Structures are given as C-alpha cells and as structure tokens.
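[1] Sequence and predicted structure, then a few things I'm wondering about:
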Amino acid sequence: MTEPQKRSRVSWVTEDSFPWVLLLVVPLFLFVLVLFVGSDLKAILSILDWFDPLFLQYNLLLFLFAVFVVPAITYFYVHNMKGEKVRRLKNELSDEQWEQNGKQLEASIERSFSITNYLGSMTALILVIAFGTWLILLFKPVSSAALGAGVDYSKGANILLLGTYIELFQVEQEAFYHHIILSLTAFQFGFLGAYVYFIGHLVRSYFMLDLIPHTFVASTVRITIGSLLSLVLSFVIAHPLDYANPMISFLPLISFFLGHFPERALMILKEKATRLLGVGAQKYRSTALSQLPGMSYAHEVRIVTEGYDNVENFSNAIPLELVLRTGFSYLQLRQWIGQAWLCSHLGNDYESFRQATGLASADELLELFPPQPSEISKEERIQMLNVATKEKFPEKIRVVCDLLPLWGHRIEQIIVAV
C-alpha cells in the first residue's frame, strides 16, 4: 500500500467513521439516560411483560429497522454516488461549459458529499422517527389494570390527545378512553403515512442523486406536521360520544392519507376554519408549478423545498445552482426554468400558446429567432406566431419576442459566472 493510500485510509477513518459512531451512540445514550434516571427500574422493565416475548422481539426489530434505515442508505449514498454525480453532470454540460466551471463544480460536489454535512439533519430525523415508531409499536393503551398491562392514559393523557374532551374523565370515563383511542389512532396512522412517503422519497433521492441534508430537514418537518395535522383533524372527523359515526372506521385510512399528503390536510383545515370563522380565503396572484408541462407532484414538492413555490419565482432560478442542490439534470432544469419564464410573461395565454405553436420554453422560442441574419425576418417570424395563435394575443407575443435576447443573455451569463 502506497503512502498516499495510507493517508487516505486514515483520513477515511477519522473523518467518516467517527461521525457515524457518534450518530449511533449519542441518541442511544440519551435514550437510556432519560429512561432510567429518576425512574422506577422495576416499573420500566415491566414493559417487557406487556407483550408476548416473540412479538416484543419482532417489534424491537421493526423499531431498529425503521430508525437505522436512514443512516444506512445515507452511508451507501455518500460513498458510492459521488463519482456518478460528477459523471452525469459532465455529460450534460458542453465542453465549453465544463471548461469554465468544472473545477468549481467538482469542489462543490466534493463538499456536498462530506458525511459531516448530513450529521445534524439526520440526527433530528432519526429522533423524530424513533419517537413516532416507539409510540406505534410499544405504547399499548389499556382502560384499566384489570384489562391487561399497558399505558394507563388516565394518568398521562394531556390536552394534545384530548383537547376539550379531557373533562370526560370525570364525566364519562368510557368516552374518555374512547377518544384516547381515536387520538392515538389518528396520530399513529398519520405518522405512518408520512413515514411511508419519506421511505419512497428516500429511495427516489438515492437513485436520482438528490439525497442532501435538505432532504432530511424537509422530511423531519413533513413527518411532524403530517402526524399532528392528522391528530388535529381527528377532533373534527370522529366525535368521541358518537359511537355510531361511520367515519370512525375510516379514521386510519383518512389519517394515513393526511399524513402522506400534509398539504391536503392543511387545505382541509384551512377550509373548515375559514368557513367556521366566516373569513374569506386569501387569494394569491401566483401561478402553481403544476401548470408547467412535465411537472409532477414529486417534482413540485422537491422544487418547493428549494424556495421556489410558484412559476414567477422559479423563472428566476439558476440552473447550475439547482443541479448541485437537487438530483435533476441540467437540461431538465433549464427546460423547466425556460417554461416558467415563458409562462410568467404570457400568463393565462401560456397553455393556448404552447398548444398552438408547440413551443413550451424560452429556449425553444429562442431557436425560432437565431442571432445570425436569415432569409426570414423577425417580423415575419412574429407574424407566423400570430397566425398560429389566430391573432388572440399579438401584443404579448411581440413583448415576449422583444425580451427573448435578455433571457438568452441572462442564462449564458449565469453559466459563465458559476
């Protein structure tokens, strides 16, 4: 083994292995500390009697898998996919673009694939997953000690689980425990829906070369919000005193859906709150990213996490910056940003223009107006667009065509400056 190889191996041990060991040891140490300090050890160990031993072992294995699948996949991603990221980016850019920006891009990729970048965000996500999974697998509720071992929520229930129904413990104990079950079911299946979405997103990010610390931060927020929104909406969906309510049987399904799509849950909550308060919904003068051709829900969620939540904002994005921060290709991002630029200028007429002319982005429209002199003049080309659109918005077409050189200059300057 050569001396450079030895130094590289030592560097790998000190820089990469230690953070992973720290990531695994610290949460477990804190967990044990909180669990045992100041507690009755016999009472804690009695948890082992709540379940059949084989079933308990199976639950613990599920718990470990749910928690440690995150660092495992991240480990393989950091050590296996860096070269693939450089190779794909080099193939997508022209020789001139790579000559101008190659060193900066390689240095940026090298920094982004450092394991220390993932440590904080991954630790937060692991803790959130551990809390939710522990609640699902091991916090078995019981209404009384006579019915078996488990968590007695009459001693530990709070406002979060019961809301205004917390007084039912003194009024109607059966309804009290009934609502505890409803709240726990909504929270747990909301968490499960968000976690299932995260696993799919994690695998997708791995193969798309899009696994970055922002992925873990966004997933942490998404899992937390999805679980809590499912819990809040359960107060509206299922009333604890209405045992015949058919919505109760659908509560797990509804909660799973709301956890999987927390944006839908927020929309439902907003509609119900505005209707109850008699306040009109606030309208925003912006265009959704879903209006762009080729944009899917997963693509939209990913772009929104980068701070571009509408077409008007996205039209000002820098393709190469987003290439380094996401798993999208340079050509795909430039196509989307060009579509956003054209859509933001044409407004409501964008879809009609695209269907009539077949031109969807600024780059495609720019190809119609080459910088070199040609037999067909600019006015004739503009007239061709007006004929194709049946003269529905000639003023917009002229303005957009006049602004096209600014788009071409801006996008080329961005490439040189990165």
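    Looks like it arrived, so ask away.

[2] and the gap between Val151 and Ile223?
    With distances taken as CB to CB, to the nearest Å, Val151 is found 22 Å from Ile223. Every residue, glycine included, has its C-beta placed from N, CA and C.

[3] low-scoring pLDDT stretches of the stretch 1-150 of the chain, where are they?
    For the stretch 1-150 of the chain, the stretches with pLDDT under 70 are 1-25, 27-28, 31-32, 34-41, 43-44, 143-148.

[4] ok, 80 please
    1-49, 92, 94, 97, 101, 142-150 (pLDDT under 80).

[5] Which parts of it are strands?
    Remark: strands assigned in the stretch 1-150 of the chain by DSSP state E, counting those that start in this stretch are 141-142.

[6] In a helix, Ala218, correct?
    Yes: the secondary structure assignment for Ala218 places it in a helix, going by DSSP: H, G, I helix; E, B strand; the rest coil.

[7] measure it to Leu231 for me?
    Relative to Leu231, Ala218 is positioned 21 Å away (criterion: CB to CB).

[8] Out of those two, name the residue with the larger neighbour count.
    When Ala218 and Leu231 are compared on other CB atoms under 10 Å, the one with more neighbours turns out to be Leu231, at 24 against 20.

[9] Report pLDDT for that one.
    At Leu231 the predicted local confidence, pLDDT, stands at 89.

[10] ditto for Asp242
    What the model reports for Asp242 is a pLDDT of 65.

[11] can you check the one 5 residues further on too?
    Here the pLDDT value assigned to Met247 is 76.

[12] cool, Leu209 as well?
    According to the predicted model, the pLDDT of Leu209 comes to 86.

[13] so it sits right up against Arg88, yeah?
    Yes: contact criterion CB atoms under 8 Å: Leu209 and Arg88 qualify, at 6.8 Å.

[14] how does the protein divide into domains?
    Dividing the chain into domains by automatic domain parsing, as the record does, gives the ranges 11-80+118-277, 294-417.

[15] pLDDT averaged over the shortest one - what is it?
    The one in question is domain 294-417. Per-residue confidence for domain 294-417 averages out to 86 on the pLDDT scale.

[16] centre of the chain versus that domain, how much separation?
    Using CA atoms, centre = their mean, to the nearest Å, the mean C-alpha position of domain 294-417 is found 26 Å from that of the whole chain.

[17] do the same with stretch 263-276
    When C-alpha coordinates are averaged (CA atoms, centre = their mean), stretch 263-276 and its chain have centres 21 Å apart.

[18] Give the buried residues for it.
    Applying a neighbour-count criterion of 16 or more other CB atoms under 10 Å, one finds 263, 265, 268-269 buried in stretch 263-276.

[19] contacting residues for the closest residue in space to Glu364 that isn't next to it in sequence?
    The shortest distance from Glu364 to any residue other than its chain neighbours is 7.3 Å, reached at Gly338 (CB to CB, 6 or more residues apart in numbering). Counting by CB atoms under 8 Å, 6 or more residues apart in numbering, Gly338 makes contact with 361-364, 407, 411.

[20] Please export the C-alpha coordinates of stretch 119-131 as CSV.
    Output in CSV follows, covering the C-alpha atoms of stretch 119-131 (Å, rounded to 0.1, in the frame of the first residue of the first chain):
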residue,chain,number,x,y,z
LEU,A,119,-24.9,14.6,10.7
GLY,A,120,-27.2,17.3,12.3
SER,A,121,-30.2,16.9,9.9
MET,A,122,-30.0,13.1,10.0
THR,A,123,-29.9,13.0,13.8
ALA,A,124,-33.0,15.2,14.1
LEU,A,125,-34.8,12.9,11.6
ILE,A,126,-33.8,9.7,13.4
LEU,A,127,-35.1,11.1,16.7
VAL,A,128,-38.4,12.0,15.2
ILE,A,129,-38.8,8.6,13.6
ALA,A,130,-37.8,6.9,16.9
PHE,A,131,-40.4,8.9,18.9
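
[21] got the buried residues for it?
    Buried positions in stretch 119-131, judged by neighbour count with 16+ other CB under 10 Å: 119, 121-126, 128-130.

[22] Then stretch 397-406?
    Going by neighbour count (16+ other CB under 10 Å), the buried part of stretch 397-406 is 397, 400-401, 404.

[23] Ok, stretch 247-264 next?
    Along stretch 247-264, the positions that meet the burial threshold by neighbour count (16+ other CB under 10 Å) are 248, 251-252, 254-263.

[24] Pull the residues that contact that stretch.
    182, 185-197, 222-223, 225-227, 229-230, 233-234, 237-238, 242, 265, 268.

[25] This completes my enquiry, with thanks.
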